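Asks: sequence and predicted structure below; questions after.
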Amino acid sequence: MAPIPSLKLNDGNSIPLLGFGTGTAQSKRRQEKPGFNQDLVDILEIAIKQGIRHIDGAEGYANEEEIGVAIKESGIPREELFITTKVRDIRTLPGAIDVSLEKLQLEYVDLYLIHSPYGAKELSELQTAWLAMESIQKSGKAKSIGVSNHLQPHIEAILEVATIVPAVNQIEFHPYLQRGNNLVPWLKEHGIEVTSYNGLTPLRKGLGGPLDGPLKEIAKKYGVSENAVLIQWQIHQGIVPITTSSKPERLAEYLQGVELKLEPEEVEEITRVGLTHHFRASQLTRFEPDDRS
Ligand SMILES: NC(=O)c1ccc[n+]([C@@H]2O[C@H](COP(=O)([O-])OP(=O)(O)OC[C@H]3O[C@@H](n4cnc5c(N)ncnc54)[C@H](O)[C@@H]3O)[C@@H](O)[C@H]2O)c1
Ligand SMILES: OCCc1c[nH]c2ccccc12
């Protein structure tokens, strides 16, 4: 399979168009079987063998050690991988990166994110945190720096003091959460790329909603899975989906989504139908819950 294409970030670095998430699919497993998560190492190794090069981790997922082992065991040269981690508590910056790098057994991460703005009581705390993030990038411990779950006011506060514009904002994004179509264009105008999570919500908690029919039809037309269609729907808009699975066959479906070509009318139909509803995956009450993941 051809290498997964990349998107250029505002600092000149490139981010592969599909990321493998380590935060949610494995959380149930962690509760059932605490301790070193060999299942995560195994699926990461499979994902890397299948061509995935972008891994999304976080201090808060408590699995950086496993990611480090999988990277070492994959045998893939470090510079061919794109590794993200996130700081959980901004008050631990800039030292937190050293702890993460030690667990990951890495000299640097490709992308370091502030996991959430909500740990800050005042916007000034976010500004202080951002300056610490800048010092981390300057030290070479993170090639790129960014944020996650930040809304426009959070980023506006950061931009007031920034000498480095965040490269990325990682947010929940799917047809049923397009944020009134405002946040993504605003981020792009400011040179900030978007990586998305919960992108498969219409096929999970949103199952039973108005997108069921269109997704099924489009997937049938191209002989791919519906999640491939949703992945391409994001990539088509210049968004980098972060998704995951513990099932290798699903990873293969996701990869088909990277290569899929959709007609502009198909992308628009998903956008239009998705905009008829608005909810976060975590707060869904409208459709029948789906727990097949
Ligand atoms: N920054 C943040 O605050 C934040 C929050 C949540 C997730 N994340 C990141 O994003 C990653 C992906 O998040 P996600 O797991 O919610 O993403 P997702 O919406 O892509 O869902 C992936 C899950 O859907 C399941 N799935 C795939 N196809 C399905 C189908 N047809 N029917 C039913 N289930 C199906 C998979 O097995 C997997 O468990 C996480 O692992 C984490 O790395 C970040
Ligand atoms: O990324 C998953 C959701 C999330 C946001 N902040 C966190 C901190 C620790 C663990 C998970 C999260």
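Replies: Nice, thanks for sending it over. Ligands and ions are numbered 1, 2, ... in the order given.
Asks: show me where the stretch 51-200 of the chain has strands.
Replies: Taking DSSP state E, counting those that start in this stretch as the test, the strands found in the stretch 51-200 of the chain are 54-56, 82-87, 109-114, 142-148, 168-172, 193-197.
Asks: wondering if stretch 161-172 reaches ligand 1 at all.
Replies: Yes. Residues of stretch 161-172 contacting ligand 1 under C-beta under 6 Å from any ligand atom: Gln170. Using the backbone N, CA and C atoms, a C-beta is placed for each residue, glycine as well.
Asks: in that stretch, which residues are buried?
Replies: For stretch 161-172, burial by neighbour count (16 or more other C-beta atoms under 10 Å) applies to Ala162, Ile164, Val165, Pro166, Ala167, Val168, Asn169, Gln170, Ile171, Glu172.
Asks: just stretch 11-20 next, same as before
Replies: Those would be Ile15, Pro16, Leu17, Leu18, Gly19, Phe20, for stretch 11-20 by 16+ other C-beta under 10 Å.
Asks: and what of stretch 199-215?
Replies: Going by 16+ other C-beta under 10 Å, stretch 199-215 has these buried residues: 199-207, 209-212, 214-215.
Asks: that stretch - what's its average pLDDT?
Replies: The pLDDT scores in stretch 199-215 average 96.
Asks: just give me the residue right at the centre of the protein.
Replies: Closest residue to the average C-alpha location of the chain: Ile242 at 3.4 Å, with C-alpha atoms, centre = their mean.
Asks: these two touch, right, that one and Ile55?
Replies: No. Counting by C-beta atoms under 8 Å, Ile242 stays clear of Ile55, with 9.5 Å between them.
Asks: hey, what's in contact with both of those two?
Replies: Common neighbours of Ile242 and Ile55, counting by C-beta atoms under 8 Å, 6 or more residues apart in numbering, are Gly19, Phe20.
Asks: give me the pLDDT for the closest residue to ligand 2 within the chain.
Replies: Closest to ligand 2 within the chain is Gly60: 2.3 Å, counting by C-beta to the nearest ligand atom. On the pLDDT scale, Gly60 is placed at 96.
Asks: for it, give me its contacts.
Replies: Shown in contact with Gly60 (C-beta under 8 Å, 6+ apart): Gly23, Lys86, Arg88, His115.
Asks: which SS class is the residue nearest to the centre of the chain?
Replies: Secondary structure assignment for Ile242 (DSSP: H, G, I helix; E, B strand; the rest coil): strand.
Asks: tell me the pLDDT of it.
Replies: At Ile242, the pLDDT recorded in the model is 98.
Asks: what's the first helix or strand after the lowest-mean-pLDDT helix or strand in the chain?
Replies: When each helix and strand of the chain is scored by mean pLDDT, DSSP states H and E, helix 27-32 comes last, with a mean of 69. In the C-terminal direction, the helix or strand that comes right after helix 27-32 (DSSP states H and E) is helix 38-49.
Asks: which stretches in the stretch 151-293 of the chain count as helices?
Replies: 152-161, 183-189, 212-222, 226-236, 248-259, 264-274 (DSSP state H, counting those that start in this stretch).
Asks: and those helices: which comes nearest Lys121?
Replies: Nearest to Lys121, of all these, is helix 152-161, at 12.8 Å by C-beta to C-beta.
Asks: mean confidence for that closest one?
Replies: 98.
Asks: again, but for stretch 97-105
Replies: 98.
Asks: circling back to that earlier point, quick one: contacts for the closest residue to the residue nearest to the centre of the chain other than its chain neighbours?
Replies: What sits nearest to Ile242 in space, not counting adjacent residues and going by C-beta to C-beta, 6 or more residues apart in numbering, is Gly19, at 4.0 Å. Counting by C-beta under 8 Å, 6+ apart, Gly19 touches Ile52, His54, Ile55, Asp56, Phe82, Thr84, Thr195, Val240, Pro241, Ile242, Thr243.
Asks: my read is that the last one contacts Gly199, right?
Replies: Yes. A contact is recorded between Thr243 and Gly199 when judged using C-beta under 8 Å, the distance being 5.9 Å.
Asks: can you list residues touching both of those two?
Replies: Ile231.
Asks: count the residues that sit near the nearest residue to Glu259 once chain neighbours are set aside.
Replies: Distance criterion C-beta to C-beta, 6+ apart; nearest residue to Glu259, sequence neighbours excluded, is Ala2 at 7.8 Å. If you count neighbours by other C-beta atoms under 10 Å, Ala2 ends up with 7.
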